[in-house]
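Student: predicted coordinates and the sequence they were generated for:
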Amino acid sequence: MLLDSIRTQLDSLSKSERKVALAVLAAPNVIVSQNITALAKSAQVSEPTVVRFCRTLGYDGWHEFKLKLAQGLALALPGANEQPAPDDLASDLVNKICSRSINTLLDLRNNLKPELVQKALDILSRANKIEFYGQGSSGFVAADAQHKFFRSGVPTVAYTDPAIHSIAAALLREGDAVVAISQRGNNPALTRSAKLARRGGADVIVLAPSGTPLAEIATLFIPIDLVFAIDPYTPISARLAYLVVIDVLAVGLALQRGPEFRKKMQNAQKALQEFDMQFDSFIG
């Protein structure tokens, strides 16, 4: 995901930082074996520029950046960057698509910052109500989030229609929370709704790529930087990463709210199982 993050932020980097980014993207396997002086020389910039580049990406400096780059390259599975082709056998598709999905999750694990997750949990745990906004494929993630979070005992809803989430956002007040989900981060309607929610005093947690309009509005921004596939045969693994972040938040909220709440969740699960048994008996 580190290389994906660099690609995503290329346009927002300064001219000199962009030189460093292109040098890293051109030969990441070489960069991990070099020191900062060698990278600065190959990018034709100063060493302080390399440090600024690392900090722009959210790392303390060169050493942390290099460590994350090495980890990402070491964990990458073969076939993850290969495009599915029309003449692929089923075994080829299994390898390519599973490898890509696994790499996405490994990158997410290595780059998702626990301190941001904890801050999000703190916001969600004190919220009077939680609303999830998303459109297109992100709308499915929002709906999944609502399904998981409604068991939390906090009023929870998901809106995927831009007109509806615009109205809902305008009605929010201090103590409410929005989780805005976007795989691109530049949807005008979603950005407008996030602004309306902030204006009313609500907290807005944003799951989106770095350097996007939606990210700039967030009370708390959790970056998910992935490269989008342009091949029609290639699945977009971004949705998987977003779903896992939602799972982390849902489980974290359940644990943070204590044993009494978890008992309520167990009662809800028991009620669902009893319903399933009654339904099976009815159709049987």
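Tutor: Okay, I see it. Just so you know, these numbers come straight off a predicted model, no measurement behind them.

Student: which residue sits closest to residue 208, ignoring its sequence neighbours?
Tutor: Of all residues not flanking residue 208 in the chain, residue 185 sits nearest, at 3.6 Å (CB to CB, 6 or more residues apart in numbering). Backbone N, C-alpha and C define where each C-beta goes, glycine included.

Student: let's verify the one you found: helix, strand, or coil?
Tutor: coil (DSSP: H, G, I helix; E, B strand; the rest coil).

Student: repeat that for residue 158.
Tutor: strand.

Student: am I right that it is in contact with residue 141?
Tutor: No - judged on CB atoms under 8 Å, residue 158 makes no contact with residue 141 at a distance of 9.0 Å.

Student: joint contacts of these two?
Tutor: Residues touching both residue 158 and residue 141 (CB atoms under 8 Å, 6 or more residues apart in numbering) are residue 134.

Student: rewinding a little: against residue 6, how distant is the residue nearest to residue 208?
Tutor: Distance from residue 185 to residue 6, counting by CB to CB, to the nearest Å: 16 Å.

Student: and the strand or helix carrying residue 96, C-alpha only, in CSV?
Tutor: In the assignment (DSSP states H and E), residue 96 maps to helix 90-111. Extracted as CSV, the C-alpha positions of helix 90-111 are listed here (Å, rounded to 0.1, in the frame of the first residue of the first chain):
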residue,chain,number,x,y,z
ALA,A,90,-9.2,-20.9,-13.7
SER,A,91,-6.0,-21.7,-11.7
ASP,A,92,-4.5,-18.4,-13.0
LEU,A,93,-7.5,-16.4,-12.0
VAL,A,94,-7.5,-18.0,-8.5
ASN,A,95,-3.8,-17.1,-8.1
LYS,A,96,-4.0,-13.6,-9.4
ILE,A,97,-7.2,-12.5,-7.7
CYS,A,98,-6.5,-14.1,-4.4
SER,A,99,-2.9,-12.8,-4.3
ARG,A,100,-4.1,-9.3,-5.0
SER,A,101,-6.7,-9.5,-2.3
ILE,A,102,-4.2,-10.9,0.2
ASN,A,103,-1.6,-8.2,-0.6
THR,A,104,-4.3,-5.6,-0.1
LEU,A,105,-5.0,-6.8,3.4
LEU,A,106,-1.3,-7.2,4.2
ASP,A,107,-0.7,-3.6,3.1
LEU,A,108,-3.7,-2.4,5.1
ARG,A,109,-2.4,-4.2,8.2
ASN,A,110,1.1,-2.6,7.9
ASN,A,111,-0.2,0.9,7.2
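
Student: and stretch 112-120, how far from the chain's centre?
Tutor: Centre-to-centre, stretch 112-120 and its host chain are 12 Å apart (CA atoms, centre = their mean, to the nearest Å).

Student: to clarify, my last question referred to stretch 206-217.
Tutor: Relative to its parent chain, stretch 206-217 has a centroid offset of 10 Å by CA atoms, centre = their mean.

Student: which other residues reach that stretch?
Tutor: Residues from elsewhere that reach stretch 206-217 (CB under 8 Å, 6+ apart): 5, 8-9, 11-12, 179-187, 190-191, 194-195, 198, 204, 218, 220-226, 242, 245.

Student: now with 7 Å?
Tutor: Contact with stretch 206-217 is made by 5, 8-9, 12, 179-182, 185-186, 190-191, 194-195, 198, 204, 218, 221-225, 242, 245, as judged by CB atoms under 7 Å, 6 or more residues apart in numbering.

Student: do stretch 122-132 as well
Tutor: In contact with stretch 122-132 (CB under 7 Å, 6+ apart) are residues 142, 145-146, 149, 154-159, 168, 175-179, 181, 203, 205, 220, 249, 253, 256-257.

Student: confidence score at the closest residue in space to residue 170 that isn't next to it in sequence?
Tutor: Excluding the flanking residues, the one nearest residue 170 by CB to CB, 6+ apart is residue 196, at 4.9 Å. Residue 196 carries a pLDDT value of 98.

Student: residues contacting residue 196?
Tutor: The contact partners of residue 196, by CB under 7 Å, 6+ apart, come to 166, 169, 170.

Student: and what of residue 168?
Tutor: Neighbouring residues of residue 168 by CB under 7 Å, 6+ apart: 131, 159.

Student: quick check: next helix or strand after the helix holding residue 96?
Tutor: If you walk from helix 90-111 toward the C-terminus, the next helix or strand you reach (DSSP H and E) is helix 114-125.

Student: tell me the helix or strand right after that next one.
Tutor: As assigned by DSSP H and E, the chain's next helix or strand after helix 114-125 is strand 130-133.
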